[in-house]
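**Student:** With the sequence up front, the predicted model follows.
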Amino acid sequence: MARIYWISLLLMLLWSCDEDMEKLKPVAERKAEAIEDLKDELTDPANGWKISYQPAPTAGTFFILMDFDEDGNVTLQSDLSANEGEFYEQTIGYRIDADQGLELILENYGVFHYLFELNSASFGAEFEFRFIEENDGELIFASKSDVFDETILTLQPATPNDAALLSQEEVENFDQFAGMSPRLFGVQPVQQLYFGSIDYSLFWSIDLTARTLTVDFGGTGSDAESVLASSDYQEINQTRGYTFLNGQLVLSSPVSIKGGTLSSIALKGFEADGGELLCSLAEDRPPRYQVEAAGLGAGVLDLTLFSNSGLDFTPQAQGLYSVNIPFIFDKELNSLAEEGSIKEQLPEAVAFIMTYGLEHDSIPANAMGFLVEDEEENGFFFLRSFEVTNQVANKLEFNLTDEYYYETDPTPEQEQAMESITNEIFEGGQLYAFLLPIRGLTAFDLYNPCNGYELVVVK
């Protein structure tokens, strides 16, 4: 009897399994249903979605609106000003795959693809995302290819007013701060934020692409010289991400300063040429923003060239600064050795040479010039002396003299070229030094604010 019972139970279980297998839909059908369900969720909100997209933990944030339709198109709105505003609003294709879980793939070139390509595709942005879950009306995705530091993309239902939060005009205004700053090898513009009510300044370098800023230093005073000499001068060296939102620059986390904390600044009024001249000989004034900050009052945001990054550009008693001749550029970043005055007037120059505080029996202590080769490739210094009139932080002020040092007799044409070329490069007698991020070398970008010329020197 017991044997009959167990046989019957086994037959019932087998019948139940067969019935469940008959109810289970084919894989292709289940995938199609999952794709359709996610598409329904993506297209459901009447005003689309909003996201605050941070491509990597070290980056700032981009505010983006996304509106999906049933035909496989998504309209994107952003404040990214690159490509002459191409990414302000565009409609591209999208698709949903289900081969390895649900994936949202943005198919055509758009804002996400542009961010993906930054820094030789190492910036950390994505345009393919894995669907994780729906949570309280939000759709959660994760970057598909990130192995570490996975980027989370949170889609929140947008409102009719969210388009007004985009700060396209403010981003374009900020781009103008890069126009009178060094541009070689990733040197970032430097800004000074000054609050008159507390007589306090912050100096930061700002990465307009990655949307990060590094607060260099701060202190009492309205200019760099007074700040550096103030009793409360402080080296801060803190990096923050930022985003533009509703006409404000919003920091990822507050910065403590005299009189309180700085979390954001409201960008009130922009003047394309409202700042102070960076050089008395300069033709154009830099931009200026009138700003306000909670608890700190009204202030101004100006372009400056003072930065902690060049503090190691100092006199060298036992060495010099030099670079191969192609690394001297005019304001259009044309090499003077390839299509400028050095090529035309002193083509035999093979390197730039600068002594600064050199202790030597015959070579001048402070001089600028070139290593010149003769027809037999013998090298000789051709130098012009200068007098240092002031050095503050990374700023060097000087006067070129009429004293020259030649290790071999120059031709009259070479003498004339030495005077003409050094006058051209160092017009105005000002240089600002910025440390360059070149591995294995201590190299500086020397920027002349009087004419926009730049040259690289290696310590």
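**Tutor:** Everything's here; your move.

**Student:** Domain boundaries for this protein, per the record?
**Tutor:** 39-164, 170-306, 310-458 (automatic domain parsing).

**Student:** I'd like the ones you listed laid out as TSV, including distance to Arg30, mean neighbour count and mean pLDDT.
**Tutor:** Backbone N, C-alpha and C define where each C-beta goes, glycine included. Output for the domains of the chain, formatted as TSV (distance: least, CB to CB, whole Å; neighbours: other CB atoms under 10 Å; pLDDT from 0 to 100):
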stretch	distance to Arg30	mean neighbour count	mean pLDDT
domain 39-164	9	16	93
domain 170-306	40	18	93
domain 310-458	51	17	95
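
**Student:** closest to Glu33 out of the ones you listed?
**Tutor:** domain 39-164 (9.4 Å; CB to CB).

**Student:** Could you find the closest non-adjacent residue to Ile257?
**Tutor:** Leaving out its chain neighbours, the residue that sits closest to Ile257 by CB to CB, 6 or more residues apart in numbering is Gly218, at 5.9 Å.

**Student:** shouldn't Leu431 be in contact with Gln391?
**Tutor:** No: Leu431 is beyond contact range of Gln391, at 9.9 Å (criterion: CB atoms under 8 Å).

**Student:** Touching both of those two, which residues are there?
**Tutor:** Common contacts of Leu431 and Gln391 (CB atoms under 8 Å, 6 or more residues apart in numbering): none found.

**Student:** contact partners of stretch 233-242?
**Tutor:** Contacts of stretch 233-242 (CB under 8 Å, 6+ apart): 54, 58-61, 202, 211-220, 227, 249-253, 255, 308.

**Student:** Return the subset of those lying in strands.
**Tutor:** 202, 212-220, 249-253, 255 (DSSP state E).

**Student:** Summarise which helices and strands the helix or strand hosting Asp402 is packed against.
**Tutor:** Using DSSP states H and E, Asp402 maps to strand 395-406. Using 3 or more CB pairs under 8 Å, 6 or more residues apart in numbering; DSSP states H and E, the elements in contact with strand 395-406 are strand 366-373, strand 379-392, helix 412-425, strand 430-435.

**Student:** ok, 7 Å please
**Tutor:** strand 379-392, strand 430-435 (3 or more CB pairs under 7 Å, 6 or more residues apart in numbering; DSSP states H and E).

**Student:** closest to Ala417 out of those?
**Tutor:** That would be strand 379-392 among the helices and strands packed on strand 395-406, by CB to CB, at 8.8 Å.

**Student:** What pairs with that closest one, parallel or antiparallel?
**Tutor:** Here strand 379-392 has these sheet partners by DSSP bridges: strand 366-373 (antiparallel), strand 395-406 (antiparallel).

**Student:** quick one: which of these is nearest Gly260?
**Tutor:** strand 395-406 (29.7 Å).

**Student:** Could you list which residues are in contact with Glu276?
**Tutor:** Asp302 (CB atoms under 7 Å, 6 or more residues apart in numbering).

**Student:** Actually, Lys459.
**Tutor:** Lys459 neighbours (CB under 7 Å, 6+ apart): Tyr321, Thr442.

**Student:** how close does the residue most central in space within the chain get to Arg240?
**Tutor:** For the chain, the residue nearest the mean C-alpha position is Asp207 (2.6 Å; CA atoms, centre = their mean). In this view, Asp207 and Arg240 are 11 Å apart by CB to CB, to the nearest Å.

**Student:** Quick check, pLDDT for Ala32.
**Tutor:** pLDDT, Ala32: 83.

**Student:** So what pairs up with the residue nearest to the centre of the chain in the strands?
**Tutor:** Beta-bridge partners, per DSSP bridges, of Asp207: Thr212.

**Student:** try Phe129
**Tutor:** In beta-bridge terms (that is, DSSP bridges), Phe129 pairs with Leu104, Ser143.

**Student:** hang on, it packs against Ala142?
**Tutor:** Yes: between Phe129 and Ala142 there is a contact under CB atoms under 7 Å: 6.4 Å.

**Student:** For the stretch 101-250 of the chain, just list every one of the helices.
**Tutor:** 111-121, 168-175, 224-229 (DSSP state H, counting those that start in this stretch).

**Student:** In TSV: those, plus distance to Leu281.
**Tutor:** Output for those, formatted as TSV (distance: least, CB to CB, whole Å):
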stretch	distance to Leu281
helix 111-121	35
helix 168-175	25
helix 224-229	19
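
**Student:** between these, which gets nearest to Leu436?
**Tutor:** Of these, nearest to Leu436 by CB to CB is helix 111-121, at 16.0 Å.

**Student:** Leu301: what's it in contact with?
**Tutor:** Contacts of Leu301 (CB under 7 Å, 6+ apart): Gln191, Leu193, Arg288, Tyr289, Val291.

**Student:** again but with Thr304, I slipped
**Tutor:** Val190, Gln191, Gln192, Phe203, Ala224.
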